[in-house]
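A.B. asks: Could you work out the structure for the sequence below:
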Amino acid sequence: MTRATTIHVTPGRVRLRIAERRGDAGYFAQLTHQLDALPIVRSCRSNARSGSVVIEHVDTLDALHAAVVAAGLLDIAASDRSGDVIVDLHRRVEELDGALRARTSGSVGLEALSFYGLLAGAAVQLIKGPILPASATLLIQAAKILAEARPRSSSTA
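C.D. replies: Numbering: from 1, shown residues only. All right, here's what the predicted structure looks like:
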């Protein structure tokens, strides 16, 4: 059975990657036809060039996986990537902030960088002239960062 990896999931929709068959238009055409024939599948489309299949389904993801495996079409594995993009993005931003603070001995973080960037953007907009709403928005955002900034306390144990 061909191995597929779950790349992206939303309610009622899943994108699978079938790397070993990438570029095989005949395989993807046949697979799309076979998947469309399953009662649980609402619609299916594939892209042989990217080696992916998008399946819109009417039941749970587990039920779809079971139906696809039972039909002998694919062996579906979970993705190695995090399922929650927001959590992953938050983690990466925290790592970036930590690295920035480490490089600057704690004197500059993403908050300060954002504040100064917005302030500089507002100044440029004010100098240009007729773009006052844009500069006002940038100044408001900079003020929000400044207002929400709290002193970072270093904990000593």
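
A.B. asks: list the helices and strands the helix-or-strand element of the chain with minimal mean pLDDT packs on?
C.D. replies: In the chain, the helix or strand scored least confidently by mean pLDDT, DSSP states H and E is helix 132-148, which has a mean of 73. Packed against helix 132-148 by the contact rule (3 or more Cβ pairs under 8 Å, 6 or more residues apart in numbering; DSSP states H and E) you find helix 110-128. For every residue, glycine as well, the C-beta is placed using N, CA and C.

A.B. asks: Give me the distance between the helix it packs on and the centre of its chain.
C.D. replies: 27 Å (Cα atoms, centre = their mean, to the nearest Å).

A.B. asks: Check stretch 55-64 too.
C.D. replies: On the basis of Cα atoms, centre = their mean, stretch 55-64 sits 21 Å off its chain's mean C-alpha point.

A.B. asks: Equivalent analysis for stretch 16-32, please.
C.D. replies: Centre to centre, stretch against its chain (Cα atoms, centre = their mean), the figure for stretch 16-32 is 24 Å.

A.B. asks: for stretch 67-75, same thing?
C.D. replies: 27 Å.
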